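*Asks:* Sharing a sequence plus its predicted fold:
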Amino acid sequence: MYKPQFNKRHVLVFHQFGNKGWSLFSCLGREVVCSVLSVATLTYASAGTISTQPVTADSISTKTAQELMLDEVSVTGSRAPLTKSQAARMVTVLDRADIQQAPVQSINDLLKYAVGVDVRQRGPIGAQTDISIRGGTQEQIIILLNGINICDPQTGHNTMDLPVDLSEIVRIEVLEGPAGRIYGTSSLVGAVNIVTRSPLPTSPLGEEQIQLRMEGGSYGYVSTAVRTHSPQGGSWRGALSASYTRHDGYSRSREGSLNSDFSGAKAFYQGQYAKEGMKVDWHFGITDKGWGSSTSWASPKWQADDQYEHTTKLFAAIQGSFQQGAVSLHPTIYWNQHQDRYEGYRNHPEKMAYNYNRSDVFGLQLNSYFDWQAGRTAFGAEVRNENLLSGNLGEPLMRPHHIYGTDRDYTLGLNRTNISAYLEHNLLLSNLTVSAGLVVVKNTWADMNPTIYPGIDTSLRLGNHWKLHASYNTSLRMPSFTEMYYRLQGYKADPHLKPEEMRAFEIGVNLHRSMFNVQCALWHHHGRNMIDWIMDTTKGEEATWQSVNHTRLNSIGLEASVQCTIRHVQCSISYSYIDQKKSLEEGIVSQYAMEYLRHKLVARAQIPIVSNLTLGLNLRWQDRAGQYTDFDNNIQDYTPFALMDSRLSWQKPHYELYFEASNLTGTHYRDYGLVEQPGRWLVVGTKFLIGRR
């Protein structure tokens, strides 16, 4: 029990969990610091903000990370930070321990272990991945890097082009359900926030650390990464990381050439200036990669099996945190640029001209809040400009723009600006939290009128072990440029698509005891004007993929998880069920909206064998609804499959040796149309620290 405190931060100490540092939804200028829980536990807390005193597990050793003691918990499920016990919104957290223990080589692979997240890959090791939540599509969620929207307006297929290596991540936070009043447009069915390690070193004062990682494995896989930071001291701090990854690929085209290879490099710099009463953070990043796209965009009509794509993305942002009297101000300025080159026939532009696109996104936002006798009130606004230059998307440009490094010009393009403002109030009582607010959105595209999207979250705490929550939220999403204008190789887009809109209800319960944690949530989504690509197979050779607005789409779902610790063995099991109601006429095939995970089961166990030696076992079973059309023009149902992954690691304070095996049974499966996924993949690697004064 506690009394509401509006003029100072509430302190809440967790003694019953492991002691590691992480925070939730670092997007509003303060940090959330909590004890750690396993990802499969579906650690429901509220989406929150950046911490005032960051604590991170930078050590290679998980045991070392667990020794960090935390004094304060501050989280939020709203625009303003609240303590964990006050919070009314819930998220799933993949923390630093989950990242270290998982047998994965990319953030995309790691998200597969979040039971509410659907991960569909066109290639391993982060080649190209679609991420969706609760039966939605890759276009309907918002991806954030340190709380900053990095979604690409051209297409959601490129959103996971991230500039940070997996070892740079402190945690990944998944907010399920519409988040319009928190993040504005794009967050139709949820949000994923990727939080990187702080520039602050965790080593002793004055010591500089260099962290190195080297891996090798199946199919010519090689990966290496390095991270270093400036010694602690003074008001200025910085950290720099870089990585390179490549592999030969696991499949060949009909002509015998490798068609699923990959190579890519990343670099990321974070800086910070802090003194009493203010803090400024900034980051700069770049990712450059190319991969054989095999049959990614093939169809019965266009059976290309040696496609290729190359992308480059730049990131830059500055975030501030200031206190002006009773008001906390958190301004942000950001810029993202994405360039891609798509080759329908690899190295053969004479067969099909390469497709070039470039998108630039500029954003300015202000988040703020203040306390008064009636609770905590938050308000703010954001302006986001999205500009596209393309060879085949958009409207004719008044003057062409040259494509660097080629003899071609961008002749098409589009520009639109999204303006949003929000207002929210949090009522904090002894055992009850009510967070209600709204966002007003206007987009210059199609002369959209200002539209209001409200939401309310409530949580009720029953004693020290039970917590009930309920919410109603709404949101919208503007169509991507690809959905409106793509018209190549059997695709025909509609430039007059309407924005998608979503209304969602959710109720849930959480029971926490010292040895186990049980959680369950039931939700219902009602979507209007939902966008999808469909094909009328009854037209035979004339059939094309067309972008359309479904009039309505109703979804219901259930998520449940149990986590326990038995004699130092950590076990967890999570299950998700989804049912969507949208009738399609006979012969109509859906590419995204009706291809969802009806069932998903994730089971994990972390087993200590001897001192410093640990075995991790991970099982994932899923059953996808929907169908795809094979090269013979036959409609095929997706087949359920189960995958077993494992990781054996030897950890010491300054180094780690590990062996990972993905898809141990060598299961051959398809999770995205005509793209066959790899079989067994083995990786051996090492990480170590070099420290000097």
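*Replies:* Looks like it came in fine.
*Asks:* does the residue lying closest to P400 once chain neighbours are set aside have beta-bridge partners, and which?
*Replies:* Nearest non-adjacent residue to P400, counting by C-beta to C-beta, 6 or more residues apart in numbering: D409, 3.7 Å away. Bear in mind the C-beta positions are built from the backbone N, C-alpha and C, glycine included. The residues listed as beta-bridge partners of D409 by DSSP bridges are H402.
*Asks:* What separation do you get for D409 and Y356?
*Replies:* According to C-beta to C-beta, to the nearest Å, D409 stands 9 Å off from Y356.
*Asks:* Buried residues, stretch 649-665. List them.
*Replies:* Neighbour counts over stretch 649-665 (16 or more other C-beta atoms under 10 Å) mark S649, W650, Q651, H654, E656, L657, Y658, E660, A661, S662, N663, L664 as buried.
*Asks:* what residues are shared contacts of D409 and Y356?
*Replies:* By C-beta atoms under 8 Å, 6 or more residues apart in numbering, D409 and Y356 have these common neighbours: I403.
*Asks:* which residues of the chain score low on pLDDT?
*Replies:* Across the chain, the ranges flagged by pLDDT under 70 are 1-78, 82-87, 200-208, 231-233, 583-586, 592-593, 692-693.
*Asks:* mind listing the strands in the stretch 401-550 of the chain by residue range?
*Replies:* Using DSSP state E, counting those that start in this stretch, the strands found in the stretch 401-550 of the chain span residues 409-428, 432-443, 451-462, 466-477, 491-492, 500-512, 516-536, 545-566.
*Asks:* any residues touching the shortest one, and which ones?
*Replies:* When contacts are defined by C-beta under 8 Å, 6+ apart, strand 491-492 is touched by residues W533, T544, W545, Q546, S547.
*Asks:* okay, now the closest residue to Q677 other than its chain neighbours: neighbour count?
*Replies:* Distances taken as C-beta to C-beta, 6+ apart place Y669 nearest to Q677, at 5.5 Å, with adjacent residues excluded. Counted with other C-beta atoms under 10 Å, the burial measure for Y669 works out to 16 neighbours.
*Asks:* hang on, isn't P331 packed against G320?
*Replies:* Yes. In terms of C-beta atoms under 8 Å, P331 counts as a neighbour of G320; the distance is 5.0 Å.
*Asks:* Next up, the contacts around V164.
*Replies:* Per C-beta under 8 Å, 6+ apart, neighbours of V164: I107, L145, I194, T196, S241, K266, F268, G285.
*Asks:* if we go to 7 Å?
*Replies:* When the contact criterion is C-beta atoms under 7 Å, 6 or more residues apart in numbering, the partners of V164 are T196, S241, K266, F268, G285.
*Asks:* Over to G285?
*Replies:* Contacts were defined as C-beta under 7 Å, 6+ apart; by that measure G285 touches P163, V164, A267, F268, F315.
*Asks:* Please name the bridge partners of Y628.
*Replies:* When bridges are taken as DSSP bridges, the partners of Y628 come out as Q636.
*Asks:* My understanding was that it contacts D671; is that so?
*Replies:* No. Contact between Y628 and D671 fails when scored by C-beta atoms under 7 Å: they sit 10.1 Å apart.
*Asks:* Now do the contacts for the residue sitting nearest the centre point of the chain.
*Replies:* The residue lying closest to the centre of the chain (C-alpha atoms, centre = their mean) is V192, at 3.6 Å. Contact analysis of V192 by C-beta under 7 Å, 6+ apart lists I131, I141, I143, L144, I172, V174.
*Asks:* Pull up the pairing partners for the host helix or strand of the fifth one, direction included.
*Replies:* What that stands for is I172. Assigning secondary structure by DSSP states H and E places I172 in strand 169-176. Partners of strand 169-176 in the sheet, by DSSP bridges, are strand 91-94 (antiparallel), strand 190-196 (antiparallel).
*Asks:* chain center to the following helix or strand past that strand: distance?
*Replies:* Downstream of strand 169-176, the next assigned helix or strand under DSSP H and E is helix 180-183. The chain centroid and the centroid of helix 180-183 are separated by 16 Å under C-alpha atoms, centre = their mean, to the nearest Å.
*Asks:* who's in contact with helix 180-183?
*Replies:* Around helix 180-183, the neighbours that count as contacts under C-beta under 7 Å, 6+ apart are 47, 79, 142, 149, 187, 191, 422, 424, 437-439, 453, 455, 473-476.
*Asks:* how about the buried residues of stretch 649-665 in JSON lines, adding secondary structure and distance to F481?
*Replies:* Written out in JSON lines, the entries for those read as follows (DSSP: H, G, I helix; E, B strand; the rest coil; distance: C-beta to C-beta, whole Å):
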{"residue": "S649", "secondary structure": "strand", "distance to F481": "43"}
{"residue": "W650", "secondary structure": "strand", "distance to F481": "48"}
{"residue": "Q651", "secondary structure": "strand", "distance to F481": "46"}
{"residue": "H654", "secondary structure": "coil", "distance to F481": "48"}
{"residue": "E656", "secondary structure": "strand", "distance to F481": "43"}
{"residue": "L657", "secondary structure": "strand", "distance to F481": "46"}
{"residue": "Y658", "secondary structure": "strand", "distance to F481": "42"}
{"residue": "E660", "secondary structure": "strand", "distance to F481": "38"}
{"residue": "A661", "secondary structure": "strand", "distance to F481": "40"}
{"residue": "S662", "secondary structure": "strand", "distance to F481": "34"}
{"residue": "N663", "secondary structure": "coil", "distance to F481": "35"}
{"residue": "L664", "secondary structure": "coil", "distance to F481": "41"}
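*Asks:* Test my guess that I141 contacts T185.
*Replies:* No. In terms of C-beta under 7 Å, I141 does not count as a neighbour of T185; the distance is 11.6 Å.
*Asks:* Looking at those two, which one has more neighbours?
*Replies:* Just comparing I141 and T185: by other C-beta under 10 Å the higher neighbour count belongs to I141, 30 against 23.
*Asks:* beta partners of A267?
*Replies:* A242, I286.
*Asks:* Kindly report the same for Y273.
*Replies:* Following DSSP bridges, Y273 is listed with bridge partners W236, V280.
*Asks:* now do G527
*Replies:* Beta-bridge pairing of G527, defined through DSSP bridges, involves M502, L553.
*Asks:* Next one: it relative to S241, how far apart?
*Replies:* Taken as C-beta to C-beta, the spacing of G527 relative to S241 amounts to 39 Å.
*Asks:* Between those two, tell me which one has more neighbours.
*Replies:* A count of neighbours by other C-beta under 10 Å puts G527 above the other of G527 and S241, at 27 against 23.
*Asks:* and L497, which of the strands paired with strand 169-176 is closest to it?
*Replies:* Proximity to L497 (C-beta to C-beta) singles out strand 190-196 among the strands paired with strand 169-176, at 21.2 Å.
*Asks:* Could you identify the helix or strand that succeeds that closest one?
*Replies:* Tracing the chain past strand 190-196, the next element assigned as helix or strand by DSSP H and E is strand 208-217.
*Asks:* Okay, now the sheet partners of that next one, with direction.
*Replies:* Paired strands of strand 208-217, with direction, are strand 221-229 (antiparallel), strand 681-692 (antiparallel) (DSSP bridges).
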